[in-house]
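Trainee: Predicted structure and sequence below. I'll ask about it afterward.
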Amino acid sequence: MALMSVDDAQAALLAGVAPTETEWLDLAAAGGRTLAADIVALRTQPPADLSAMDGYALGAPVASDVWYAVVGESAAGHGFGRPLGPGEAARIFTGAPVPDGADRVAIQEDAERQGDRVRFADPPPAGSNIRRRGIDFTEGKTGLAAGTRLGFGALGLAAAMNHARLPVRRRPRVALIASGDELVAPGAASLPHQIVASSTVALAQLIHDAGGEAVDLGIAPDDLSALRSHIRGAVTGGADIVVVIGGVSVGDHDHTRPAFAAEGMEPGFWKIAMRPGKPLMHGRLGRVHALGLPGNPVSTLITGLLFLAPLVRAMLGRADVLPDHETAVLTAPLRANDMRRDFLRARLAVEAGRLTVTPVARQDSSLLSMLAQANALIVRREFAPAADAGEEVAVVRV
Ligand SMILES: Nc1nc2c(c(=O)[nH]1)N[C@H]1C(S)=C(S)[C@@H](COP(=O)(O)OP(=O)(O)OC[C@H]3O[C@@H](n4cnc5c(N)ncnc54)[C@H](O)[C@@H]3O)O[C@H]1N2
Ligand code: MOO
């Protein structure tokens, strides 16, 4: 069976993905969520011309070295009440409205004040220290686009635009089923034939970081009907994506594909030209995505990073769905690659102002100790020629 390319498999997975429904959240609960609609400014900011400094609001000087009459004060949160006439100044503070008739603000450090009058050796030019109405945003204009992840900057802007609640996408629900007779929960392993089911918690973190909600459905034994009932439980429980970890290869105890098929899966792809992660499988159970991730823990997490996390982001309507590729300088030579795209576990560093990358010592897809050391993957394209230290290579951060 020919292997499918990573690019074709990602495109097939992400084609026509339907976004989750909209829910409305208070601002304070919306951090990290993804906007379901464009957000329009409900007001103009600043709403008036405001002073950028503490000082004096003035009109143009009528003569050099002129004394202005200080006729009142404009403080933030208060209006000034009347226009300034020629030769008049108002004491003003940062964030306060600039009175009509004033066209500049002189800072107080430059003022010579005597009683109710003030003068400036060198008055500032027109427009100085005034933040004009609407320089940040104007009412009715889109300030944040649908698909934006609400980080602190976007949340602050939404609040400033006078929104108390925001429409966000429901977090995609990802059911995680570990499969294998050897598996036991973290903390419970004692026998030599037992292996800790480490991938569930690791994938859950990846899903959370992508904006999804992971649901741990535990461990299914190597038994077709047990795995089928776990999958049914995931679907009836409202999962958007059902992930089975392991059992996607060709061994006698690999039941993942047959179990999904018996539950009515419309097959998508199986077997990808990548290392690690070759046995990756995708299909559809109606609206629900079925994913079989290869069991070797590093393979699970790299296919999670390259396929599952992008699927979650696509369901959120995000624009930035696939991981970004950057460029870094190799510190060690690499041999030529074969027909599988290789994702080498590696460490990025900044050396003499350049981003450098060094593969970790061992690349076996069972070695979580190596993955935990890595902060990036070197992406070696299919049939890439040997590379020397000093060459640039593509990297993806992990
Ligand atoms: N004849 C072939 N054998 C294998 C092939 C192949 O193409 N032909 N592919 C290999 C590759 S590549 C991978 S990757 C593995 C994946 O196989 P499975 O998805 O069937 O994974 P399992 O056999 O169930 O498990 C593999 C390995 O990973 C451990 N494991 C499984 N689940 C977890 C978990 N939740 N947490 C931690 N560790 C887990 C499991 O104990 C096994 O050691 O197949 C190769 N074989
Ligand atoms: O692809 Mo497997 O994931 O090489 O170990």
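Mentor: Nice, thanks for sending it over. Ligands and ions are numbered 1, 2, ... in the order given.
Trainee: partner residues bridging the one residue sitting closest to the centre of the chain?
Mentor: Geometric centre of the chain, nearest residue: R149, 6.0 Å, by CA atoms, centre = their mean. In this structure, R149 has the following beta-bridge partners (DSSP bridges): T34.
Trainee: same question, I245
Mentor: With DSSP bridges applied, I245 shows beta-bridge pairing to A178, L293.
Trainee: What score does it have for pLDDT?
Mentor: Reading off the confidence values, I245 has pLDDT 98.
Trainee: Going forward, count from 2.
Mentor: That works, and once the first residue is 2, the last one we named lands at I246.
Trainee: Can you get me a residue count around the closest residue to L28 other than its chain neighbours?
Mentor: What sits nearest to L28 in space, not counting adjacent residues and going by CB to CB, 6 or more residues apart in numbering, is A160, at 5.7 Å. Where you see a C-beta, it was placed from the backbone N, CA and C, and this is true even at glycine. The number of residues packed around A160, counting by other CB atoms under 10 Å, is 14.
Trainee: May I have the secondary structure class of A262?
Mentor: Judged by DSSP: H, G, I helix; E, B strand; the rest coil, the three-state class of A262 is helix.
Trainee: in terms of contact, does it touch P268 like I think?
Mentor: Yes. Between A262 and P268 a contact is recorded at 7.2 Å, counting by CB atoms under 8 Å.
Trainee: Now do the shared contacts for those two.
Mentor: Jointly contacting A262 and P268 under the rule CB atoms under 8 Å, 6 or more residues apart in numbering is no residue at all.
Trainee: What separation is there between the residue nearest to the centre of the chain and ligand 1?
Mentor: 29 Å (CB to the nearest ligand atom, to the nearest Å).
Trainee: how much space between that residue and M371?
Mentor: Taking CB to CB, to the nearest Å as the measure, R150 falls 30 Å from M371.
Trainee: ranges for the strands of the stretch 252-399 of the chain?
Mentor: Using DSSP state E, counting those that start in this stretch, the strands assigned to the stretch 252-399 of the chain run over residues 267-271, 275-276, 282-286, 289-294, 327-331, 342-352, 355-360, 377-381, 393-398.
Trainee: Any residue of the first one touching ligand 2?
Mentor: Read that as strand 267-271. No. Counting by CB under 6 Å from any ligand atom, no contacts exist between strand 267-271 and ligand 2, the nearest distance being 12.6 Å.
Trainee: Sweet, I'm off.
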